[in-house]
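In: here is my input; please provide its structure:
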Amino acid sequence: MLPGHVGIIPDGNRRWASKRGISLNEAYKIGLDKLIQVIDHLFDRDVRYVTVYAMSMDNCKRRGKLELAILRRISRIAFQKVMSNKRIRSGEARVTVLGEPWIVGREIGEMAREVMEESRWGRDYNLTILYCYSGQWEIERARQGYTPASLIMLPPLDLVIRTGGYPRLSGFLPLLADYTELYSTTTLWPDITLEEVDRALEWYASLPKNYGR
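Out: Here you go, the predicted model:
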């Protein structure tokens with residue numbers, strides 16, 4: 001059985017850059033291309049909901065000015081590529097951005113708003129991008145009585161694929177993660193292959209689904 005909702009934590013870009021002796025800018029570009037490839041592959045496998053932990057609240061608030069400038073530049077490219085994606089343009093997929101993208105700049109916030117507006121009638125597939133997001137941010141908003149309708153409409157999170165070797169969820173959609181399975185791999189994000197993504201799906205399919213029974 002395939003998971004209905006897959007999360008991705010693409011960890012390891014900075015370590016990959018250091019290991020290869022290349023710039024962070026180049027590493028993030030390569031990581032972005034791999035992310036788009038993996039998302040398309042999951043949709044091709046008929047996984048209907050994919051959520052990506054693009055940037056945590058800590059990423060947005062604690063990274064140095066130089067790295068944040070790089071991430072801002074990569075974010076522009078990312079939103080442009082999302083808006084030009086064949087599934088978005090054909091009305092097959094809807095995109096939701098959860099978090100506070102305005103923190104890193106007005107342009108990024110506007111691009112996030114635009115991609116949601118452009119794809120709002122997407123029918124078959126759903127991409128959620130967590131951007132300047134944290135689990136505590138989500139919980140605090142729920143306490144205040146404000147849970148985005150886009151979050152309420154998401155099904156439970158079945159599987160999270162995390163690269164980089166740290167086997168933790170890091171506050172990934174806590175309101176939807178009761179029975180989430182975590183596939184953790186030491187592979188650094190830019191090195192992940194579609195074969196390993198398929199292994200994660202097969203691993204998930206092999207697990208008993210008891211759900212507390």
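In: now the element after the worst-scoring helix or strand of the chain on mean pLDDT, going C-ward?
Out: Least confident helix or strand of the chain, by mean pLDDT, DSSP states H and E, is helix 149-152 with a mean of 72. Following helix 149-152 in sequence order, the next helix or strand is strand 159-162 (DSSP states H and E).
In: low-confidence stretches in this structure?
Out: For the chain, the stretches with pLDDT under 70 are 149-150, 211-213.
In: the residue positioned nearest the centre of it - nearest residue in space that isn't next to it in sequence?
Out: Geometric centre of the chain, nearest residue: V52, 0.6 Å, by Cα atoms, centre = their mean. Excluding its sequence neighbours, the residue lying closest to V52 (Cβ to Cβ, 6 or more residues apart in numbering) is I8, at 4.9 Å. (C-beta placed from N, C-alpha, C; glycine too.)
In: and the residue nearest to the centre of the chain, what element?
Out: Going by DSSP H and E, V52 is in strand 49-56.
In: contacts for that strand?
Out: Strand 49-56 is contacted from outside by 4-10, 35, 39, 42-43, 71, 75, 78, 99, 104, 125-134, 154-155, 157, 170-173, using Cβ atoms under 8 Å, 6 or more residues apart in numbering.
In: one more time with 7 Å
Out: If you take Cβ atoms under 7 Å, 6 or more residues apart in numbering as the criterion, strand 49-56 is touched by 4-9, 35, 39, 42, 71, 126-134, 154-155, 170, 172-173.
In: of the residues you listed, which belong to helices?
Out: Counting by DSSP state H, these place 35, 39, 42, 71 in helices.
In: and the residue nearest to the centre of the chain, what are its bridge partners?
Out: I8, I129 (DSSP bridges).
In: ok, it to G64 distance?
Out: To G64, V52 is 23 Å away according to Cβ to Cβ, to the nearest Å.
In: same question for Y146.
Out: In terms of Cβ to Cβ, Y146 sits 32 Å off from G64.
In: cool, F172 as well?
Out: Applying Cβ to Cβ, the value for F172 to G64 is 24 Å.
In: now do the helices for the protein: every range, in order, please.
Out: So, for the chain - with DSSP H - the helices run 13-20, 24-44, 57-62, 65-84, 86-89, 106-118, 135-143, 149-152, 194-206.
In: okay if I get these as JSON lines plus mean neighbour count and distance to T163?
Out: Output for these, formatted as JSON lines (neighbours: other Cβ atoms under 10 Å; distance: least, Cβ to Cβ, whole Å):
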{"stretch": "helix 13-20", "mean neighbour count": "17", "distance to T163": "9"}
{"stretch": "helix 24-44", "mean neighbour count": "18", "distance to T163": "10"}
{"stretch": "helix 57-62", "mean neighbour count": "16", "distance to T163": "16"}
{"stretch": "helix 65-84", "mean neighbour count": "16", "distance to T163": "17"}
{"stretch": "helix 86-89", "mean neighbour count": "16", "distance to T163": "24"}
{"stretch": "helix 106-118", "mean neighbour count": "16", "distance to T163": "24"}
{"stretch": "helix 135-143", "mean neighbour count": "15", "distance to T163": "19"}
{"stretch": "helix 149-152", "mean neighbour count": "12", "distance to T163": "24"}
{"stretch": "helix 194-206", "mean neighbour count": "15", "distance to T163": "9"}
